[in-house]
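Asks: Fold the following and give me the result.
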Amino acid sequence: MQTSVNYITTWFYKESKEEASFYPQLGQKGNSSLVHSIYMQIQVPFFVTFKYYNPEAKFIFFTNLTKEDLPDYLTRLFCKLDVEVITLPYTCKPPKDWYPAWQNQFYLYDILKYMDTRMQENDTLLISDADCLCHTSLDTLFEAVRKNGSALYEFITDRKYSINGITLPQMEEVYRACYGKEVKGSMTYYGGEFVALRKDVISKINTAFPELWAFNLEYGKQHPFKLNEEAHLLSLLAEHLQIRNTTANRYVKRMWTTPHFNNVQPGDENYPVWHLPYEKKRGLYYLYRLIEKNGGEIADETDFWKKAGRYTGIPHISLHKRVKDRLTTLWMKLK
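Replies: Numbers count the residues shown, from 1 in each chain. Just a heads-up that it's a prediction; the model follows:
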């Protein structure tokens, strides 16, 4: 009997000058050398922490780069941690000028198409953004996915809020127009930063995706709103396939630590996964340097998480961090 595999994956798609879109958290377009270097560096704390607590999982890094294009420190780390690098083209790319930001996000669906051909019946897959840290084992997450088919992260339910160019009621309009039926209840926005799926559910998504994507392309030509990014489509597909749940909310939280918005509360440090969008060029950069100094590993678990909390502001942002972050931002601008 074949042993089921739990896959843990993340990805990076390097945009060319011609297709480059804007990344607000970094203040740069996707073809900039700064964006490239930051995304390479955050792979280090991602893979080191996820591997540390999930040593039996199979790890994959998806990218349009070749192994030879990766920095030496990442190549060494991937060899040490047994991370497989898959060079994958971007075939689900939206048309030029589709939306001004995050236009590499539909790469998620190329990953799902690839994994559909690779996974066996009872295998599970976690696709996570790389600006995450794993704090504990994810065994119970994979058990839930193996039992129920998926674990999704419900992030936004505010019906007035414009989520990257579209509100939830407008998403419901797209759904009705595409499928000719009403949403059961109210639409939920599922974040694409943390998606866990069983093999058969991946197959269902891959079967349903082309119809919705083709409809969305035409819909966007005739209406003032459309599904602009991968999580918009995921949210509609979850409703269409009846795989809606909030299972992942027990495991991950999108933690904002900006000077203007902070949603972190005491106790958030106990989440199995910290998603830290604002910390890409701050706290995660400091952890990258710490791990590199320690030979690509967590040398002392207690010390590591003490520093991780201090570097990223989880659960409290100190004055020292505020000053250090400001200096780091200025230094990167000079670079």
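
Asks: Now do the contacts for P259.
Replies: When contacts are counted by C-beta atoms under 8 Å, 6 or more residues apart in numbering, P259 touches R322. Using the backbone N, CA and C atoms, a C-beta is placed for each residue, glycine as well.

Asks: just the strands in the chain please.
Replies: Listed in chain order, the strands of the chain (DSSP state E) span 6-12, 22-23, 28-29, 58-63, 83-87, 124-128, 132-134, 150-151, 154-156, 189-190, 194-198, 252-254, 273-275.

Asks: How many neighbouring residues does the residue nearest to T75 when sequence neighbours are not counted have?
Replies: Excluding the flanking residues, the one nearest T75 by C-beta to C-beta, 6 or more residues apart in numbering is K67, at 6.7 Å. K67 is flanked by 13 other residues according to other C-beta atoms under 10 Å.

Asks: now K67: how far from K253?
Replies: Relative to K253, K67 is positioned 33 Å away (C-beta to C-beta, to the nearest Å).

Asks: How far off centre is the longest helix belonging to the chain?
Replies: When the chain is parsed with DSSP state H, its longest helix is helix 199-222. The gap between where helix 199-222 is centred and where its chain is centred comes out at 20 Å by C-alpha atoms, centre = their mean, to the nearest Å.

Asks: Quick check: which ranges of this protein have low pLDDT?
Replies: 1, 20, 22-27, 29-30, 335 (pLDDT under 70).

Asks: Contacts only, for the residue nearest the centre of it.
Replies: Centroid-nearest residue in the chain: D129, 2.3 Å away (criterion: C-alpha atoms, centre = their mean). Residues near D129 by C-beta under 8 Å, 6+ apart: T10, G192, E193, F194, H275.

Asks: What's the separation between it and C92?
Replies: Note on D129: its distance to C92, by C-beta to C-beta, is 17 Å.

Asks: quick one, helices of the stretch 151-300 of the chain?
Replies: Shown for the stretch 151-300 of the chain, the helices assigned by DSSP state H, counting those that start in this stretch span residues 168-179, 199-222, 230-240, 283-293.

Asks: just to revisit the earlier point, what comes up buried for the longest helix of the chain?
Replies: 199, 201-206, 208-209, 212-213, 215-216, 219-220 (16 or more other C-beta atoms under 10 Å).

Asks: before we move on, what about stretch 69-77?
Replies: For stretch 69-77, using 16+ other C-beta under 10 Å, the buried residues are L70, Y73, L74, L77.

Asks: ok so, going back, tell me which of the helices of the stretch 151-300 of the chain lies nearest to E18.
Replies: Among the helices of the stretch 151-300 of the chain, helix 199-222 comes nearest to E18, with 19.5 Å by C-beta to C-beta.

Asks: Residues touching the closest one, excluding its own?
Replies: Outside of helix 199-222, the residues within contact range by C-beta under 8 Å, 6+ apart are 92, 94-95, 98, 109, 112-113, 115-116, 119-125, 149-150, 174, 177-178, 197, 226-227, 233, 236-237, 240-241, 243.

Asks: cool, and stretch 313-323?
Replies: Counting by C-beta under 8 Å, 6+ apart, residues outside stretch 313-323 touching it are 255, 257, 259, 262, 264-269, 274, 276, 279, 282-283, 308-311.

Asks: Give me the distance between the two termini of that stretch.
Replies: In stretch 313-323, first residue to last residue: 12 Å (C-alpha to C-alpha, to the nearest Å).
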